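>>> task: produce atomic coordinates for the following.
(2 chains)
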Amino acid sequence: DSGVTQTPKHLITATGQRVTLRCSPRSGDLSVYWYQQSLDQGLQFLIQYYNGEERAKGNILERFSAQQFPDLHSELNLSSLELGDSALYFCASGPEVGELFFGEGSRLTVL
Amino acid sequence: TQLLEQSPQFLSIQEGENLTVYCNSSSVFSSLQWYRQEPGEGPVLLVTVVTGGEVKKLKRLTFQFGDARKDSSLHITAAQPGDTGLYLCAGVPFNDYKLSFGAGTTVTVRA
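Numbering: from 1, shown residues only, chains lettered A, B, ... in the order given. Predicted coordinates:
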C-alpha cells in the first residue's frame, strides 16, 4: 500500500462526456502529480501541484484540468472525452520529485 | 521521442538466468530512478541513483548510474518468476523540474 488513494478504480463513459478523477496523497506529502499511461505513449507526465499551487505542467491537453484543494487532495477533470483518452491515470505523491509513490490508478474507458 | 530510451523493450528468460536492462539519454540527469510496475498496479520505486558512477545493490538487483549521468543500467542476477514485471527508468534532467519516464522494459521470467 503506497498510501496514495485514487478513485474510481474503473470508469466507463461515452465520447463527449466529462469525468473527474480523485486523488488523496500520502500523509505529509504536499505535492501531487498526475500521469497518463497508455500502451503507445507509456507514462506521460500531465501536471504537478504543490500545496495548492500548480508547480509544473507536462503534456496536458486543454480539455483536461486539475486542482489541489486545501486538504491537499486533488482532482483531475477530463472533458469532451475522445476515444484516445482511454488510458490509466495515475496520481502520485512523494517527498522529492523523483521519489514518487503511485496510487493504483483509475482506468478510463471511453466508448 | 522519449527523453529516456530503454532497451530492450521485451525480455523473456528462464528462471536462474541473468538479465540487464539499459536506460540511455542524451541529457544529463540530477538523479535517475528505477521503478517496477505489475499489471493493475502503480509503479513502485526500487532505487534512486544520484552520483555519477554510483552502484547500488538491492538483493539480486544491481543498479548503476553512468559516469556522465546520462545513462543507467539494471542487472538482475539469478532471476526468479517474482521478478516479472515492467521496469521503468525515470529521471529529472538538470534545469528541469519534471520527472520523465522511459517506455519501460517488460521482463518475463519463466519457471
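
>>> the closest residue to B:G42 other than its chain neighbours pairs with what?
Computed as C-beta to C-beta, 6 or more residues apart in numbering or on different chains, the closest residue to B:G42 that is not its neighbour in sequence is A:F102, at 3.0 Å. The way it works is simple: take the backbone N, C-alpha and C, and place the C-beta from them, glycine included. A:F102 has these beta-bridge partners by DSSP bridges: A:A92.

>>> now do the contacts for A:F102.
Shown in contact with A:F102 (C-beta atoms under 8 Å, 6 or more residues apart in numbering or on different chains): A:2, A:4, A:35, A:90-92, B:42-44.

>>> repeat that for A:Y49.
A:Y49 touches A:31-32, A:55, A:66-68, A:74, counting by C-beta under 8 Å, 6+ apart.

>>> and stretch A:62-73, how far out from the chain middle?
9 Å (C-alpha atoms, centre = their mean, to the nearest Å).

>>> check whether it comes near chain B.
No: counting by C-beta under 8 Å from any C-beta of the partner chain, no contacts exist between stretch A:62-73 and chain B, the nearest distance being 14.7 Å.

>>> for that stretch, which residues meet the burial criterion?
Residues A:64, A:66, A:68, A:72 are the ones in stretch A:62-73 that count as buried (16 or more other C-beta atoms under 10 Å in any protein chain shown).

>>> quick check: A:S80 is in a helix.
No: using DSSP: H, G, I helix; E, B strand; the rest coil, the assignment for A:S80 is coil, not a helix.

>>> quickly list what B:Q37 is bridged to.
What pairs with B:Q37, by the bridge criterion (DSSP bridges), is B:L86.

>>> so who does it touch?
B:43-44, B:85-88, B:104.

>>> now with 7 Å?
Residues in contact with B:Q37, defined by C-beta atoms under 7 Å, 6 or more residues apart in numbering or on different chains, are B:43, B:85-86, B:88.

>>> and B:Y97, how close does it get to B:I13?
37 Å (C-beta to C-beta, to the nearest Å).

>>> got it, and B:L86?
Where B:I13 is concerned, B:L86 sits at a distance of 15 Å (C-beta to C-beta).

>>> the more surrounded of these two?
B:L86 (19 against 16; other C-beta atoms under 10 Å in any protein chain shown).

>>> residues contacting that one?
B:36-37, B:104, B:106.

>>> tell me the residue of chain A that sits nearest chain B?
A:F102 (3.0 Å; C-beta to the nearest C-beta).

>>> what comes into contact with stretch A:9-27?
With C-beta under 7 Å, 6+ apart, stretch A:9-27 has contacts from A:3-7, A:32, A:72-83, A:89, A:91, A:93, A:101, A:103-104, A:106-111.

>>> if any of those residues are buried, give me the ChimeraX selection for them.
Filtering those down to the buried ones (16+ other C-beta under 10 Å) takes a single ChimeraX command:
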select /A:4,6,32,72,74,75,76,78,81,89,91,93,101,103,104,106,107,108,110
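
>>> keep only those of the contacts of stretch A:9-27 that are in strands.
A:5-7, A:32, A:74-78, A:89, A:91, A:93, A:101, A:106-110 (DSSP state E).

>>> ok, the nearest residue to B:K56 once chain neighbours are set aside - how many residues close by?
With sequence-adjacent residues excluded and distances taken as C-beta to C-beta, 6+ apart, B:K56 is closest to B:F63, at 4.7 Å. A count of neighbours around B:F63, defined by other C-beta under 10 Å, yields 23.
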